[in-house]
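Engineer: Okay, here's the prediction I keep looking at, along with the sequence it came from:
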Amino acid sequence: MQPDPLITALVERLGCRYPIIQTAMGWVAEPPLVAASCNAGAFGFLGAAVMTPADAAAKIAAVRRLTDRPFGVNFHMFQPGAAEIVETIIANRAQVRAVSFGRGPDAAMIARFRDAGILCVPTVGALKHAKKMVQLGVDMINVQGGEGGGHTGSVPTTVLLPQVLDTVTVPVIASGGFADGRGLAAALAFGAVGIAMGTRFLLTAESPVPAATKARYLEAGTDDIVLTTKLDGIPQRMVRTPLMDRIERSGPLGMWLRALESGLALKRQTGAGWGELLHTVRGMTSHGGLRLDQALMAASAPMLIQKAVVEGKPDEGVMATGMVGGRLTEIPTCQALIDRIVAEARERLAALCPAPVDSRRYHADHA
């Protein structure tokens with residue numbers, strides 16, 4: 001019997017049924033979406049990078065009430081209360097199978113997660129970052145090509161993915177441009193162990209994004225999706241909105257004013273003191289090479305995203321998206337989405353790898 005091509009190292013190590021990851025999107029990867037993704041057979045990550053320690057604890061508990069499947073938690077080490085969130089993650093290691101991060105922990109913290117039986121699965125957008133993460137001891141790598149949403153690199157998935165696969169020895173997950181079973185089959189053909197999707201899960205029935213904002217996402221074609229550095233100095237992919245257009249036209253002074261305004265909003269949202277907020281920003285400047293205004297914007301940009309994806313005011317916020325968002329036209333349930341992706345992937349893989357041909361009969365028939 002031929003082995004099942006959808007049973008990969010991702011499935012075996014994360015404990016999900018299919019090699020599909022629902023990524024951690026701030027304000028979007030909330031307990032209902034995470035649980036629905038996991039119950040449908042994927043592996044969901046809770047977006048705790050925009051949460052206070054108390055919120056993270058409550059929402060990890062909420063996911064555990066909604067599903068008995070393993071799931072992951074996303075965070076970054078420079079957010080207010082990161083140390084408390086780490087302790088909560090480890091305390092829930094019976095069901096929290098993995099952590100994901102961009103601005104991530106050091107080797108000692110990664111080793112601590114490993115000792116607790118929690119896998120470290122960072123997202124990287126460049127080959128040098130993949131190498132660095134492997135040196136630090138991570139278990140798997142999610143490679144996001146330039147088609148991805150939010151912060152993204154410049155190298156397309158079809159170039160970056162084989163680069164990383166040729167360089168590292170840990171399992172590699174593909175993201176940036178994936179939304180269906182054809183993409184899953186293609187990623188497996190490259191040698192990846194699965195795919196990770198954000199925008200596709202954002203546009204599902206269980207996603208908490210308000211209907212008005214979902215409708216704006218569905219209206220956006222590929223020409224309505226832009227790559228900008230004006231939010232925090234790092235390339236980010238966004239849907240064009242009135243606010244995004246104003247940000248694109250702003251100069252250095254406008255960026256500083258917006259950074260300060262967003263920083264105040266972040267302080268109110270998290271309850272962090274000025275010292276803690278300054279520690280967060282300083283950590284991001286030293287870790288990511290950002291200027292102070294860029295780091296403040298990077299730390300507080302979720303406040304702008306919140307306007308659109310939480311308050312349902314897309315004209316007053318920003319809307320992160322992958323390029324694949326330009327071809328999405330409907331809002332399925334997570335179960336319907338996963339079932340369709342799996343069926344499409346099996347169909348494509350079967351077409352590429354049909355039943356073996358009896359070579360003697362083939363040559364006889366074609367003599």
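Structural biologist: Alright, I've got the coordinates.

Engineer: mind listing the strands for the chain?
Structural biologist: Assigned by DSSP state E, the chain shows strands spanning 20-22, 43-47, 71-74, 96-100, 119-120, 123-124, 141-144, 150-151, 172-175, 195-197, 225-228, 236-239, 319-320.

Engineer: Make CSV from those and add mean pLDDT to it.
Structural biologist: Shown next, in CSV, are the strands of the chain (pLDDT from 0 to 100):
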stretch, mean pLDDT
strand 20-22, 98
strand 43-47, 98
strand 71-74, 98
strand 96-100, 98
strand 119-120, 98
strand 123-124, 94
strand 141-144, 97
strand 150-151, 83
strand 172-175, 98
strand 195-197, 98
strand 225-228, 91
strand 236-239, 92
strand 319-320, 92
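
Engineer: okay if I get the ones you listed as a markdown table plus mean neighbour count and distance to Pro80?
Structural biologist: For glycine as for every other residue, the C-beta is placed from the backbone atoms N, C-alpha and C. Putting the strands of the chain into a markdown table (neighbours: other C-beta atoms under 10 Å; distance: least, C-beta to C-beta, whole Å) gives the following:
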| stretch | mean neighbour count | distance to Pro80 |
| --- | --- | --- |
| strand 20-22 | 31 | 25 |
| strand 43-47 | 29 | 15 |
| strand 71-74 | 28 | 15 |
| strand 96-100 | 25 | 18 |
| strand 119-120 | 22 | 21 |
| strand 123-124 | 25 | 21 |
| strand 141-144 | 28 | 25 |
| strand 150-151 | 22 | 19 |
| strand 172-175 | 28 | 27 |
| strand 195-197 | 30 | 26 |
| strand 225-228 | 16 | 26 |
| strand 236-239 | 24 | 22 |
| strand 319-320 | 26 | 21 |
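
Engineer: could I get those strands as CSV with distance to Asp4?
Structural biologist: Listed next are the strands of the chain as CSV, based on distance: least, C-beta to C-beta, whole Å:
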stretch, distance to Asp4
strand 20-22, 14
strand 43-47, 17
strand 71-74, 23
strand 96-100, 21
strand 119-120, 22
strand 123-124, 27
strand 141-144, 22
strand 150-151, 33
strand 172-175, 18
strand 195-197, 16
strand 225-228, 35
strand 236-239, 34
strand 319-320, 34
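
Engineer: closest to Ala29 out of these?
Structural biologist: Closest of the strands of the chain to Ala29 is strand 43-47, at 3.6 Å (criterion: C-beta to C-beta).

Engineer: Which strands or helices does the closest one pack on?
Structural biologist: strand 20-22, helix 31-39, helix 53-66, strand 71-74, strand 96-100 (3 or more C-beta pairs under 8 Å, 6 or more residues apart in numbering; DSSP states H and E).

Engineer: Parallel or antiparallel, which strands does it pair with?
Structural biologist: Looking at strand 43-47 with DSSP bridges, its partner strands are strand 20-22 (parallel), strand 71-74 (parallel).

Engineer: Can you convert those strands into CSV and add a column each for distance to Phe43?
Structural biologist: Shown next, in CSV, are the strands paired with strand 43-47 (distance: least, C-beta to C-beta, whole Å):
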stretch, distance to Phe43
strand 20-22, 5
strand 71-74, 7
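
Engineer: Nearest to Ser207, out of the ones you listed?
Structural biologist: strand 20-22 (9.8 Å).

Engineer: follow-up on the earlier one: any idea which of the helices and strands packed on strand 43-47 gets closest to Val309?
Structural biologist: With C-beta to C-beta as the yardstick, what comes closest out of the helices and strands packed on strand 43-47 is helix 31-39 (11.6 Å).

Engineer: Can you tell me which helices and strands the closest one packs against?
Structural biologist: strand 20-22, strand 43-47, helix 53-66, strand 71-74, helix 334-352.

Engineer: circling back: now distance to Pro162 too, for the helices and strands packed on strand 43-47, in JSON lines please.
Structural biologist: Shown next, in JSON lines, are those (distance: least, C-beta to C-beta, whole Å):
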{"stretch": "strand 20-22", "distance to Pro162": "20"}
{"stretch": "helix 31-39", "distance to Pro162": "27"}
{"stretch": "helix 53-66", "distance to Pro162": "34"}
{"stretch": "strand 71-74", "distance to Pro162": "25"}
{"stretch": "strand 96-100", "distance to Pro162": "22"}
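
Engineer: quick check: domain ranges of the chain?
Structural biologist: 9-208+332-352, 211-320 (automatic domain parsing).

Engineer: ends of the last one, how far apart?
Structural biologist: Domain 211-320 has an end-to-end distance of 16 Å (C-alpha to C-alpha, to the nearest Å).

Engineer: Select, out of the strands of the chain, the one closest to Glu30.
Structural biologist: That would be strand 43-47 among the strands of the chain, by C-beta to C-beta, at 7.2 Å.

Engineer: Please state the offset of that closest one from the chain centre?
Structural biologist: 8 Å (C-alpha atoms, centre = their mean, to the nearest Å).

Engineer: which residues sit against that strand?
Structural biologist: For strand 43-47, contacts defined as C-beta atoms under 8 Å, 6 or more residues apart in numbering pick out 10, 14-16, 20-31, 33-38, 56, 59-60, 63, 70-74, 97-98, 100.

Engineer: Quick check: Cys334 vs Ala40, distance?
Structural biologist: Plainly put, Cys334 is 4 Å away from Ala40 if you go by C-beta to C-beta, to the nearest Å.

Engineer: Also Glu206?
Structural biologist: Counting by C-beta to C-beta - Glu206 and Ala40 are separated by 9 Å.

Engineer: out of the two, which sits in the busier spot?
Structural biologist: More crowded of Glu206 and Ala40, by other C-beta atoms under 10 Å: Ala40, with 26 against 23.
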